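Asks: Let's see this in three dimensions:
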Amino acid sequence: MRIDINQQKISIGDKYKIYIDGHQTYTAASELFKFLSVINLLNNEGSHTILKINKLWSWFKPKYNITLYGNQILEFRSESFWKMHYRCQNGKDLFDIYGHRGR
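Replies: Have a look, this model is predicted:
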């Protein structure tokens with residue numbers, strides 16, 4: 001599976017087109033005039049919000065709350081910026097995500 005995210009920067013906010021295996025599947029847009037960024041992920045028609053990504057205040061490690069359609073909240077946190085280690089928690093379920101260098 002190949003996922004491509006194309007960003008269109010505009011003067012006030014950002015818009016994204018998300019392609020899965022060459023087909024546009026989702027769109028996303030940042031909310032305007034927010035102190036910390038908020039991004040809404042919409043289905044391809046743009047009729048309803050699938051999830052919302054809220055950036056939280058943090059000094060060094062990025063923190064995000066991802067609110068799903070049924071108001072379920074996932075906590076996405078950076079554990080180590082240098083080692084590209086992230087952690088996502090959904091209730092009692094905990095997922096460790098490790099990035100790799102290169103493609």
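
Asks: Please tell me how far L94 sits from R77.
Replies: From L94 across to R77, the span is 11 Å (Cβ to Cβ, to the nearest Å). C-beta coordinates here come from the backbone N, C-alpha and C atoms, glycine included.

Asks: what's the overlap in contacts for these two?
Replies: 87-88 (Cβ atoms under 8 Å, 6 or more residues apart in numbering).

Asks: who's more crowded, the two?
Replies: R77 (16 against 10; other Cβ atoms under 10 Å).

Asks: give the contact list for the more buried one.
Replies: Contacts of R77 (Cβ under 8 Å, 6+ apart): 61-64, 86-89.

Asks: The same query, at a cut-off of 10 Å, please.
Replies: When contacts are counted by Cβ atoms under 10 Å, 6 or more residues apart in numbering, R77 is found next to 56, 58, 61-65, 85-89.
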